[in-house]
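Asks: Build me a model:
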Amino acid sequence: MTDTPTTGAQPTRTASRRQWPLPKLADPNAPLLQVHDLQTHFRTDRGWLRAVDGVSFGLNDGEALGLAGESGCGKTTTALSLVKLLPSNARIKGGRVELFGIDLIPKSERALQRYRWREISIVFQGAMNAFNPVIRVRDQIAEPLRDRLNQSEAAARARAVELLDLVGIPRKRADAYPHELSGGMRQRAMIAMALSCDPAIVIGDEPTTALDVMVQAQILQLLEKLRTDLGLSLILITHDLSVIAETCDRVLVMYAGRIAEEGPVSRVFTAPRHPYTQKLLGAFPSIHADRRTLEVIPGQPPDLVKPPPGCRFAPRCAFAMPICTEVVPPETHFADGVRVACHLYPIGDTDVPTPTPAPPMGAP
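Replies: From the prediction side, this is the model:
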């Protein structure tokens with residue numbers, strides 16, 4: 001996919017038709033997912049690296065949320081923190097992750113088994129690495145059905161074949177090993193496994209990476225169809241802004257472990273407000289634009305072991321002001337559903353100014 005549409009996917013509000021009941025501790029009136037001030041750090045030889053540093057967002061029933069930003073900005077760490085599937089040197093230092101009103105952060109590893117895969121499942125980036133190479137695909141999809149839902153071996157295998165058929169893999173290929181499937185079919189099988197326990201939320205971690213353009217389009221169409229038909233909510237992590245434009249209702253732009261901008265895709269992509277979002281979109285090619293050199297963001301992301309004070313994008317920002325290097329920018333919420341963390345937009349100012357680039361900081 002090589003073009004960024006001017007309007008995003010239309011909001012989908014599909015009522016949940018989940019087969020399984022809510023967890024016993026769930027509040028039926030609570031939102032599907034609310035993340036408050038999430039902080040996930042990694043222990044390194046140089047100290048604690050603040051990979052996710054105060055991230056907050058929500059996800060509604062039937063909604064698709066895209067997480068965008070350059071490599072290392074904290075997208076995948078944010079998603080994996082929801083069910084604490086983190087490396088051994090990672091720690092969640094603070095915040096809340098409320099699923100149906102249930103805070104998952106204080107849950108023990110054993111208690112989290114109730115929520116992993118049954119309520120939140122993941123489509124991993126590399127299906128070949130996620131699958132066991134010596135176990136048939138059907139049996140791997142049947143495993144969560146046996147372990148999480150206590151289904152019999154025969155019932156789990158039968159359901160696995162149905163799920164493969166649902167995602168477009170012929171039933172006769174159910175006995176195949178992962179290496180006997182093409183890249184696109186392996187990714188479809190990974191989606192089938194993620195759907196096995198009828199979860200409320202599916203996280204897609206770069207699900208179309210390393211696939212050719214035609215297969216990417218097929219996978220995205222499949223995710224959109226499943227979201228509508230099954231009442232799923234989707235969190236999609238990707239570097240490809242066109243994927244978010246095609247698939248998601250809202251986009252959350254991250255930079256250096258924090259949220260820069262969040263809002264409806266149709267607003268953020270057509271009228272980006274944060275300077276980082278503007279640069280990110282300017283670096284993406286469009287078949288509708290005149291031939292031009294794509295924009296490049298100067299400099300490098302900050303060191304998150306010792307992040308700079310104030311706005312973390314300030315050293316690379318053409319609009320930076322003295323306050324940007326001293327004070328963390330507060331979030332400004334606009335009437336069109338967009339929120340931005342930038343000193344260009346004071347709290348209470350709901351206008352949409354068009355800033356004029358200032359000389360780079362330190363220039364005469």
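
Asks: how about the helices of the protein, start to end?
Replies: 75-81, 109-112, 127-130, 137-149, 153-166, 183-194, 213-230, 241-247, 265-270, 275-282 (DSSP state H).

Asks: mind giving me TSV with those helices and columns for mean pLDDT, distance to Phe319 and mean neighbour count?
Replies: For glycine as for every other residue, the C-beta is placed from the backbone atoms N, C-alpha and C. Shown next, in TSV, are the helices of the chain (pLDDT from 0 to 100; distance: least, CB to CB, whole Å; neighbours: other CB atoms under 10 Å):
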stretch	mean pLDDT	distance to Phe319	mean neighbour count
helix 75-81	95	24	22
helix 109-112	92	43	10
helix 127-130	78	41	16
helix 137-149	93	48	20
helix 153-166	94	48	17
helix 183-194	91	40	24
helix 213-230	86	34	17
helix 241-247	88	21	24
helix 265-270	94	18	22
helix 275-282	91	5	21
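
Asks: and Phe334, which of those helices is closest to it?
Replies: Of all the helices of the chain, helix 265-270 sits nearest to Phe334, with 8.4 Å by CB to CB.

Asks: name the helices or strands packed onto the closest one?
Replies: Applying 3 or more CB pairs under 8 Å, 6 or more residues apart in numbering; DSSP states H and E, we find helix 265-270 packed against helix 241-247, strand 250-255.

Asks: partner strands of the last one, parallel or antiparallel?
Replies: Neighbouring strands of strand 250-255 in its sheet, by DSSP bridges, are strand 64-68 (parallel), strand 258-264 (antiparallel).

Asks: Which residues does it contact?
Replies: The contact list for strand 250-255 (CB atoms under 8 Å, 6 or more residues apart in numbering) reads 8, 55, 57, 63-70, 73-75, 78, 244, 259-265, 268-269, 274, 276-277, 280, 301, 312-313.

Asks: at 6 Å what do you get?
Replies: 57, 65-69, 73-75, 244, 260-262, 264-265, 268, 276-277, 313 (CB atoms under 6 Å, 6 or more residues apart in numbering).

Asks: That strand to helix 275-282, inter-axis angle?
Replies: Computed with axes from the mean of the first three to the mean of the last three CA atoms, to 10 degrees, the direction of strand 250-255 lies at 110 degrees from that of helix 275-282.

Asks: I would like the C-alpha coordinates for strand 250-255, written out in PDB, please.
Replies: Taking C-alpha atoms only, strand 250-255 is exported to PDB below (Å, rounded to 0.1, in the frame of the first residue of the first chain):
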ATOM      1  CA  ARG A 250      -8.700   6.300  15.700                       C
ATOM      2  CA  VAL A 251      -4.900   6.800  15.700                       C
ATOM      3  CA  LEU A 252      -2.500   7.300  18.600                       C
ATOM      4  CA  VAL A 253       0.800   8.800  17.600                       C
ATOM      5  CA  MET A 254       3.600   8.000  20.000                       C
ATOM      6  CA  TYR A 255       7.100   9.600  20.300                       C
END
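
Asks: For that strand, the averaged confidence score.
Replies: For strand 250-255, mean pLDDT is 97.

Asks: Buried ones in that strand, by neighbour count?
Replies: Residues Arg250, Val251, Leu252, Val253, Met254, Tyr255 are the ones in strand 250-255 that count as buried (16 or more other CB atoms under 10 Å).

Asks: quick revisit: need the helices and strands packed on helix 265-270 in CSV with distance to Val97, can you?
Replies: As requested, those are exported to CSV (distance: least, CB to CB, whole Å):
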stretch, distance to Val97
helix 241-247, 22
strand 250-255, 15
